[in-house]
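*Asks:* Below is the structure, and that's it, no one-letter string:
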Ligand SMILES: *Cc1c(COP(=O)(O)O)cnc(C)c1O
């Protein structure tokens with residue numbers, strides 16, 4: 001399989017490097033969309049009144065294969081589709097849009113639909129927020145001993161939105177510079193007091209929407225001796241494929257590259273955790289250039305993505321993506337199961353099928369490509385990997401294990417669920433072999449009733 005230069009265009013005009021983004025209000029200006037049937041475009045507008053829509057010109061021009069629309073995976077990943085809403089919700093919103101209802105009415109109807117979408121899954125809002133001197137720190141999550149997640153408020157948007165995203169309720173927050181400065185101080189003070197923490201994971205939204213100076217305000221101080229315990233710095237981003245110019249395009253990009261270099265030189269392991277859903281994202285020349293440039297700093301790129309219907313629900317897609325990643329020096333890291341939120345029904349894959357796809361892809365690549373763990377559910381009790389199917393005394397069961405757990409003692413302990421071809425999340429699973437509850441359930445319930453910070 002050829003991996004390089006499949007899209008060898010390497011001379012880009014200055015205009016192509018200018019960030020240009022379209023939203024629901026400007027959807028009609030998207031050139032290739034004009035070729036789609038009127039009914040489809042109307043349906044997109046209806047869905048975009050409920051689910052966030054934002055796509056940039058790089059995604060439109062370089063990533064989507066418009067010959068394959070609507071089946072093109074990147075089109076499915078970024079453009080709203082009729083079936084993402086329940087039929088009754090689609091009807092409601094469709095009538096409002098058709099009758100040119102005013103903004104307020106449309107927003108109220110959208111809010112009622114949002115309420116059904118379980119936008120804060122896995123107790124994210126209460127259980128994982130750490131405290132500093134008795135004060136909760138809302139821009140952080142500290143669930144597993146070694147790793148603190150940081151959501152800088154200036155990074156709470158993305159260059160393009162993914163249609164299945166579970167994080168977009170975060171996209172409406174306090175994003176003033178003043179708030180951001182305070183937040184960085186809180187993070188640093190918290191980390192100082194947590195000597196067991198080795199990893200910081202800066203995430204979003206997408207922290208790469210931030211100016212380098214704002215990112216530096218968080219990361220630069222970590223090179224001081226009092227942060228020696230912070231060994232690994234991870235930055236989660238989709239910018240590598242959705243806006244590679246972030247790493248290439250002059251001033252601010254050069255500053256970013258130098259920041260990564262300084263961090264690496266100071267002895268930190270720096271990992272760009274690239275969200276990549278499909279091998280198609282690796283083909284454009286600027287993406288490959290950005291990859292090389294990041295690697296030139298000594299930072300590693302690791303990749304992760306959820307497995308989703310209409311986007312990457314086949315072994316071939318994952319095998320090809322992993323192969324291309326290995327060829328480009330990217331290390332596959334996680335295959336996630338889509339969370340129980342948002343337009344889940346549209347994207348949902350039963351766990352058994354996700355496992356099948358994972359195992360099918362695994363068989364097609366060499367050991368270097370077999371580095372992604374998964375399929376894994378990030379749920380309240382922890383990160384649970386579906387490992388396989390077994391049969392003991394005539395009963396078929398799923399083998400599961402905690403990759404990360406709210407109680408560290410649960411980590412890596414295998415457990416079993418009844419084989420179920422429909423189940424697509426932990427909540428759908430029942431213990432196998434006559435057990436009434438999973439081994440961790442009772443303790444987890446106690447934790448939930450007593451939401452003490454970490
Ligand atoms: C996934 C995750 C991490 C990181 O886990 P690793 O196994 O170290 O990759 C940290 N915190 C939370 C809340 C997570 O969901």
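*Replies:* In hand now; what should we look at? In this text the structure is predicted, and so the values were computed from the model without any measurement.
*Asks:* Helix or strand for the closest residue to the ligand within the stretch 251-400 of the chain, just tell me which one.
*Replies:* Nearest residue of the stretch 251-400 of the chain to the ligand: residue 378, at 4.7 Å (CB to the nearest ligand atom). (C-beta placed from N, C-alpha, C; glycine too.) Residue 378 belongs to strand 373-379 when assigned by DSSP states H and E.
*Asks:* Equivalent analysis for residue 304, please.
*Replies:* Going by DSSP H and E, residue 304 is in strand 300-307.
*Asks:* Do that strand and the ligand come into contact?
*Replies:* No. Strand 300-307 stays clear of the ligand (CB under 6 Å from any ligand atom), getting no nearer than 8.5 Å.
*Asks:* helices or strands next to the helix or strand following the strand holding residue 378 in the packing?
*Replies:* Next helix or strand after strand 373-379 toward the C-terminus (DSSP H and E): strand 382-392. Where contact means 3 or more CB pairs under 8 Å, 6 or more residues apart in numbering; DSSP states H and E, strand 382-392 is packed against helix 351-364, strand 373-379, strand 395-405.
*Asks:* most neighbours per residue, which of the ones you listed?
*Replies:* Mean neighbours per residue, mean count of other CB atoms under 10 Å, is largest over the helices and strands packed on strand 382-392 for strand 373-379, with a mean of 23.
*Asks:* between that one and strand 382-392, what angle do the directions make?
*Replies:* 120 degrees (axes from the mean of the first three to the mean of the last three CA atoms, to 10 degrees).
*Asks:* what are the pairing partners of strand 373-379, and which direction each?
*Replies:* Strand pairing for strand 373-379, using DSSP bridges, gives strand 331-337 (parallel), strand 382-392 (antiparallel).
*Asks:* follow-up on the earlier one: not counting the strand holding residue 378 itself, show me its contacts.
*Replies:* 121-122, 307, 333-337, 339, 351, 354-355, 357-358, 383-386, 403, 425-426 (CB atoms under 8 Å, 6 or more residues apart in numbering).
*Asks:* one more time with 6 Å, if that's ok
*Replies:* With CB atoms under 6 Å, 6 or more residues apart in numbering as the test, strand 373-379 has contacts from 122, 307, 334-337, 354, 358, 383-386, 426.
*Asks:* Quickly check those for the two that are furthest apart.
*Replies:* Across those, the longest distance by CB to CB is 21.2 Å; it joins 122 and 358.
*Asks:* Spell out which parts of this structure neighbour the ligand.
*Replies:* 141, 143-144, 147, 149, 201, 378, 383, 403-404.
*Asks:* how does it look with 5 Å?
*Replies:* 143-144, 147, 149, 378, 404 (CB under 5 Å from any ligand atom).
*Asks:* now, of the strands paired with strand 373-379, which is deepest in the fold?
*Replies:* Greatest average neighbour count among the strands paired with strand 373-379 goes to strand 331-337 (a mean of 22), per mean count of other CB under 10 Å.
*Asks:* from the chain's centre, how far out does that strand sit?
*Replies:* How far strand 331-337 lies from its chain's middle: 10 Å, per CA atoms, centre = their mean, to the nearest Å.
*Asks:* What lies in contact with that strand?
*Replies:* 302-304, 306-307, 322, 325, 354, 358, 371-377.
*Asks:* need the next SSE after that strand, C-terminal direction.
*Replies:* Sequence order places helix 344-347 as the next helix or strand after strand 331-337, per DSSP H and E.
*Asks:* pLDDT on that following helix, on average?
*Replies:* Taken as a whole, helix 344-347 has an average pLDDT of 86.
*Asks:* List the buried residues in it.
*Replies:* 344, 346-347 (16 or more other CB atoms under 10 Å).
*Asks:* Tell me the gap between it and the middle of its chain.
*Replies:* The gap between where helix 344-347 is centred and where its chain is centred comes out at 16 Å by CA atoms, centre = their mean.
*Asks:* And for stretch 181-192?
*Replies:* That offset, for stretch 181-192, works out to 24 Å (CA atoms, centre = their mean).
*Asks:* Tell me the secondary structure at residue 229.
*Replies:* Taken by DSSP: H, G, I helix; E, B strand; the rest coil, the conformation at residue 229 corresponds to coil.
*Asks:* What is the burial count for it?
*Replies:* 15 (other CB atoms under 10 Å).
*Asks:* ok so, going back, pipe the strands paired with strand 373-379 into a markdown table and attach mean pLDDT and distance to residue 191 per row.
*Replies:* Shown next, in a markdown table, are the strands paired with strand 373-379 (pLDDT from 0 to 100; distance: least, CB to CB, whole Å):
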| stretch | mean pLDDT | distance to residue 191 |
| --- | --- | --- |
| strand 331-337 | 98 | 23 |
| strand 382-392 | 97 | 22 |
